[in-house]
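> For reference, the sequence and a predicted model appear below.
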2 protein chains.
Amino acid sequence: MLRVNLSAFFCIFAHINSCILEISFIGAGNLATNLAHALYHAGHHILQVYSRTQHSAEVLAEAVEAEPLTDLGLMTDNADVYIFSVTDRVLEELIKELAETVKGKVFLHTAGSIPMRVFEPYAERFGVLYPMQTFSKTTLVDFADIPCFIEASDSATFAVISNLAGTVSRQIYEMDSDRRRYLHLAAVFACNFTNHCYAIAEEMLRCHQIPFEVMLPLIDRTAQKIHELSPQESQTGPAVRFDTNVMDKHLQLLDDQMTRSIYELMSEDIHRYATSNSNSRVESEENIK
Amino acid sequence: MLRVNLSAFFCIFAHINSCILEISFIGAGNLATNLAHALYHAGHHILQVYSRTQHSAEVLAEAVEAEPLTDLGLMTDNADVYIFSVTDRVLEELIKELAETVKGKVFLHTAGSIPMRVFEPYAERFGVLYPMQTFSKTTLVDFADIPCFIEASDSATFAVISNLAGTVSRQIYEMDSDRRRYLHLAAVFACNFTNHCYAIAEEMLRCHQIPFEVMLPLIDRTAQKIHELSPQESQTGPAVRFDTNVMDKHLQLLDDQMTRSIYELMSEDIHRYATSNSNSRVESEENIK
């Protein structure tokens, strides 16, 4: 078992001292939509929602009784907290633009991969609220069990953010920008790459007129199993047994070069994990700067 | 949506006409253990359990009130059905050995990747019962919702196998050996490779003293989401947006060359899936022989 004891990890249960806040959103994408709904239903007031496109701004604003904006210059300075939930590459530019008119308020972003210091040149009170989940606009998720990772520029701002997060989630953790980068990277493997494995399976089944639905019990059990065993203990299949007979037969079925490369690389790495002791991998990964 | 309508697919609900069968197992691994338990609890009689190792044979045999064997020559010809559930590379050799003493009975194997014709030189009545699931000896799963893929040498044997499978599972599908190979390959992606993505994430978190448990809500939701949307519609993250800014930052965090290669290859393929229409991928995969 490679697990780190949860008790050694700082988890804040911040349901105490929460108060109603006035919040404006910069962004109306998947994450913004889910977070705005959760905050709205927790009793906070969403004042304005900015989005590049009129339709996105209107859809979210209407749902949370806010004013839609497509011009950031029209955002008022009435809110307590401004939540930036936009594509990483436009974040800094939008912070800079809003900071010209809004002073002394709490600025937050929700991105796993961007350090908190992105705010430093522009704002005084700022922080991060990273809810680690995969969101879509069409299905709103219950925020209660979504781990939220927070940090702030100062202790007063930290209190605001942790209280705000605590009104929607039961799992609030303090985490600095440096460790959050690795968390975000791990989430890409556990979510996006996992989902791509599902996508490849679906494509393969579709080409052979087999409905993807037959795969769901296996997918569900694979996710459920790691609640009981570590992923390494859970592993089954030809690669962990290094059953070259089966693996060679699989490769013969794969004409698509990319899919073939993924099969070879994943199988090799499964075998590496199964045969190396965990210490040797730690050594190689501790070289990470 | 790429889904094929389930109604176009042959599903047999075979709870009718089931009768109690006498069954012997060749193999006592993860799958054999789960299947033997399920058949035993469905009322069938497990007569003998053969395993290479005395301990494995005894543990399973005791649990299902059977006789443990480590010498296949001691297997009697009293059973109706002989279920071979062993590593692929020893399967044929064990079939050959048993066929010398046991004649005219139903021989089955449970492997996704091995064609039914492996039995042809040795037996008259034979077939396949492939339960598509990831099993471990320590946690017995409920067979009811496990899709079981069956085929048989003749219609009478098919009736025996479908009735047998129908006593433990509600999802019985007829599938020939050729299509089953692709199903098995797809299962490797959806289960083993998915689980390896979890393992990489766990390793990454462990190196940064972050408990793996924080990842479970994301993993659960990723699996749950594809009950509502296709995997391609579900995809989120930097690769599907082709956010090279985030991807480059991730690559800088990865010193381990294998993990880095997996990151690059998976990201590239996610982008390919997102940008190509599905038809072009079908064409390339239809070249599969």
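Received it, and whenever you're ready, just let me know what you need. Numbering: from 1, shown residues only, chains lettered A, B, ... in the order given.

> all helices for the stretch 101-250 of chain A, in order.
Under the criterion DSSP state H, counting those that start in this stretch, helices of the stretch 101-250 of chain A are mapped to A:155-166, A:177-187, A:194-207, A:216-225, A:231-234, A:238-241, A:244-253.

> Report the distance from the longest helix along chain A to the chain centre.
Longest helix in chain A, counting residues (DSSP state H): helix A:257-275. Centroid separation for helix A:257-275 versus its chain: 26 Å, with C-alpha atoms, centre = their mean, to the nearest Å.

> coming back round to it: highest average neighbour count across the helices of the stretch 101-250 of chain A?
Greatest average neighbour count among these goes to helix A:194-207 (a mean of 25), per mean count of other C-beta atoms under 10 Å in any protein chain shown. C-betas here are computed from N, CA, C, even on glycine.

> got the angle between that helix and helix B:177-187?
170 degrees (axes from the mean of the first three to the mean of the last three C-alpha atoms, to 10 degrees).

> quick one: contacts for the closest residue in space to residue A:234 that isn't next to it in sequence?
In this structure, residue A:234 finds its nearest non-sequential neighbour in residue A:225, 4.6 Å apart by C-beta to C-beta, 6 or more residues apart in numbering or on different chains. Applying C-beta atoms under 8 Å, 6 or more residues apart in numbering or on different chains to residue A:225 gives the contacts A:234, B:134, B:136, B:139, B:195.

> per-residue confidence at residue A:225?
Among the per-residue scores, residue A:225 holds a pLDDT of 95.

> swap in residue A:17?
49.

> and the two most separated of the contacts of residue A:225?
B:139 and B:195 (14.6 Å; C-beta to C-beta).

> got a list of what the residue with the largest distance to the centre of chain A touches?
The outermost residue of chain A, judged against the average C-alpha position, is residue A:245 (38.7 Å), by C-alpha atoms, centre = their mean. By C-beta under 8 Å, 6+ apart, the residues touching residue A:245 are B:88, B:89.

> can you pull the pLDDT of it?
89.

> Could you do residue A:88 as well?
pLDDT at residue A:88 comes out at 85.

> go on, residue A:283?
At residue A:283, pLDDT is 39.

> ok so, going back, which of the contacts of residue A:225 sits closest to residue A:61?
Among the contacts of residue A:225, and counting by C-beta to C-beta, the member closest to residue A:61 is residue B:195, at 41.4 Å.

> For residue B:226, see how far away that closest one is.
16 Å (C-beta to C-beta, to the nearest Å).

> Isn't residue A:168 up against residue A:141?
No - Residue A:168 is not in contact with residue A:141 according to C-beta atoms under 8 Å; the separation is 10.9 Å.

> Looking at those two now, which is surrounded by more residues?
Counted by other C-beta atoms under 10 Å in any protein chain shown, residue A:168 and residue A:141 do not tie: residue A:168 has more neighbours, with 24 against 19.

> and the more buried one, what is it in contact with?
Residues in contact with residue A:168 (C-beta under 8 Å, 6+ apart) are A:35, A:38, A:39, A:42, A:143, A:144, A:148.

> pLDDT below threshold where in the stretch 151-289 of chain A?
A:277-289 (pLDDT under 70).

> what's the most centrally placed residue in chain A in contact with, if anything?
By C-alpha atoms, centre = their mean, the mean C-alpha position of chain A lies nearest to residue A:132, the distance being 3.4 Å. The contact partners of residue A:132, by C-beta under 8 Å, 6+ apart, come to A:112, A:146, A:147, A:148, A:149, A:183, A:184, A:187, B:214, B:215, B:217, B:218.

> Could you export the contacts of residue A:225 as a markdown table, including distance to residue B:252?
Converted to a markdown table, these look like this (distance: C-beta to C-beta, whole Å):
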| residue | distance to residue B:252 |
| --- | --- |
| A:234 | 30 |
| B:134 | 34 |
| B:136 | 37 |
| B:139 | 39 |
| B:195 | 27 |
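
> so which of these would you say is closest to residue A:58?
Out of the contacts of residue A:225, the member with the shortest distance to residue A:58 (by C-beta to C-beta) is residue B:195, at 42.1 Å.

> Just confirm that closest one contacts residue A:234, I think it does.
Yes - counting by C-beta under 8 Å, residue A:234 is a contact partner of residue B:195 at 5.6 Å.

> For residue A:236, see how far away the closest residue to residue A:228 other than its chain neighbours is.
Nearest residue to residue A:228, sequence neighbours excluded (C-beta to C-beta, 6+ apart): residue B:139, at 6.0 Å. Per C-beta to C-beta, residue B:139 is found 12 Å from residue A:236.

> same check, this time on residue A:166
Taken as C-beta to C-beta, the span from residue A:166 to residue A:236 is 40 Å.

> Residue A:105 now?
52 Å.

> try residue A:174
37 Å.

> ok, the two, which is more surrounded?
residue A:236 (20 against 16).

> So that one versus residue A:58, what's the distance?
From residue A:236 to residue A:58 the distance is 49 Å (C-beta to C-beta).

> Got the confidence number for the closest residue to residue A:32 other than its chain neighbours?
Of all residues not flanking residue A:32 in the chain, residue A:85 sits nearest, at 3.8 Å (C-beta to C-beta, 6+ apart). pLDDT for residue A:85: 98.
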